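>>> sequence and predicted structure, then a few things I'm wondering about:
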Amino acid sequence: MKTGWQQLCRVCNRPAGRLGCWFLAFTLLALVDAAQLYAAQGFDGFTISWTTAIRRGLESHYTMAVLGLGVLWMARRFPFDRARGWRWLGIHLGGAVLYCLLYSVTYAALVNGQMSVKGKLFVFGETLQKLLIFYTFGNIVFYWLLLLAHHGWHYYQRFRERERRAAELEGQLSLAQLQALRMQLNPHFLFNTLNTIAALIHEQPEAADRVVIRLSELLRASLERPEAHEIPLGQELGFLHRYLEIEQARFGERLAVEFQVPAELEDVLVPALLLQPIVENAIRHGVEEREEAGHIQISAARADGCLELQVVDNGPGLPAGRTAFLREGIGLSNTRSRLRHLYGDCQRLELTAAPGGGLCVRIRLPSRTAQDPVPSPGHPAVVVGCNPSTATT
């Protein structure tokens, strides 16, 4: 049934198909009108054949169909313009009067010389006069209904097109943000990594060699990633492990990293490059700016049908009376924007003071895997089992 309906829609989208559907609709109306005429004349005591009734219905409704195409042309030629509303109204008032005259003249010419059900011949002048008296109001109503229906459909199509373009722009924006995050690996990170390699190459050549290999793997993974908004958590952690191995070669014993991620959560989809800018922010503020040893804990858990990710550092945390946004760089700001685009209100990213000192970045996302239903256009992620009341921006 659905396939037949889709085929009908495809046929009606073609010019010839639209014209065929238009006349088919008026043919059905003509048959209904013929049945009504046949029944009404029978009650009045007059006899009329089915052939005559159908002929009358087709003559009337095919006249409306042909002239209706002219009404649609007028609707396209003179669309509604708020700045010229009075001009639009005047044009279509004149169009409605012209439609009435053309219908009455055409129909009177078609039935001229035919026998009426009362046994009289239709005379053009007399028939035209009666049509103008009894059918003018109905013809004017038909003209305006057809005109307004066309404008309504036109504005609906424009609304759908704006929605489609908005969805495409949102997707392009999210992809641009993802590409910006990837390009963010280039400036200070590469500079610091090259300095680390230069410092290790003479005293610890094996360590320098490992850093070069990890840097190569990191850049390859960054460049070869598909343009996907979401990837499995295990893949995201693999990318993060390479990044942290390079940073640990740079900071040595000053940086300790702990992962607490259950294996069953590695298939859960997360935005690509979600954790790297958060961990980079923790290293920059929690390790790089202090002489003491820094500790970063990365954990994941499932709660209330959502995935909860945490990145906790033991750095200075948030200064008293300062907002968490002061520790947000471009990476975290882009991450917040991407989360809002991907998950709407069913997500949360918050920066709070860690219980033992430092900063805790907590992210809450819908828990879904690649086997879950495919998301709809314009919304790359589908919320599955996540309670919006517990996940707000």
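Here it is on my side, so go on. Predicted model, so just to flag it, every value in this text is computed and none were measured. Residues are numbered from 1 along each chain as shown.
>>> okay, now the domains of the protein?
2-168, 187-390 (automatic domain parsing).
>>> give the next helix or strand downstream of the longest strand anywhere in the chain.
Scanning the chain for the strand with the most residues, using DSSP state E, yields strand 294-303. Per DSSP states H and E, the first helix or strand lying C-terminal to strand 294-303 is strand 306-313.
>>> that next one pairs with which strands, and in what direction?
Sheet partners assigned to strand 306-313 using DSSP bridges are listed as strand 294-303 (antiparallel), strand 359-366 (antiparallel).
>>> tell me which of these is the most buried.
The highest mean neighbour count among the strands paired with strand 306-313, using mean count of other CB atoms under 10 Å, belongs to strand 359-366: a mean of 22. Bear in mind the C-beta positions are built from the backbone N, C-alpha and C, glycine included.
>>> quick check: mean pLDDT across it?
Regarding strand 359-366, the rounded mean pLDDT is 92.
>>> packing partners for the helix or strand harbouring residue 270?
Per DSSP H and E, residue 270 falls inside strand 269-271. Counting contacts by 3 or more CB pairs under 8 Å, 6 or more residues apart in numbering; DSSP states H and E, strand 269-271 packs against strand 230-232, helix 233-251, helix 330-343.
>>> circling back to that earlier point, need the residues that contact the longest strand of the chain.
233, 240, 251, 254-262, 265, 268, 275, 279, 282-283, 286-287, 307-315, 367 (CB atoms under 8 Å, 6 or more residues apart in numbering).
>>> again, but for stretch 236-244
Here stretch 236-244 has contacts from 214, 217-218, 221-222, 255, 257, 259, 261, 266, 270, 272-276, 279-280, 298, using CB under 8 Å, 6+ apart.
>>> show the buried residues in these.
Those of these that meet the buried threshold are 214, 217-218, 222, 255, 257, 266, 270, 272-276, 279-280, 298, by 16 or more other CB atoms under 10 Å.
>>> which ones among the residues you listed lie within helices?
214, 217-218, 222, 275-276, 279-280 (DSSP state H).
>>> in a strand, residue 79, correct?
No. Counting by DSSP: H, G, I helix; E, B strand; the rest coil, residue 79 is not part of a strand but coil.
>>> run a quick neighbour tally on it.
For residue 79, the count of nearby residues is 12 (other CB atoms under 10 Å).
>>> can you give me the helices in this protein?
Going by DSSP H, the chain shows helices at 2-12, 15-43, 50-77, 85-111, 124-183, 187-203, 205-224, 233-251, 275-286, 330-343.
>>> just the domains of the chain: most buried one?
Using mean count of other CB under 10 Å, the stretch among the domains of the chain with the largest mean neighbour count is domain 187-390, at a mean of 17.
>>> circling back: adding mean pLDDT and distance to residue 355, write the helices and strands packed on strand 269-271 out as TSV.
As requested, the helices and strands packed on strand 269-271 are exported to TSV (pLDDT from 0 to 100; distance: least, CB to CB, whole Å):
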stretch	mean pLDDT	distance to residue 355
strand 230-232	88	30
helix 233-251	88	23
helix 330-343	77	21
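>>> select, out of the strands paired with strand 306-313, the one closest to residue 134.
Counting by CB to CB, residue 134 lies closest to strand 359-366 out of those; the figure is 63.8 Å.
>>> ok, back up a step: where among the domains of the chain is average confidence lowest?
Sorting the domains of the chain by mean pLDDT places domain 187-390 lowest, at a mean of 78.
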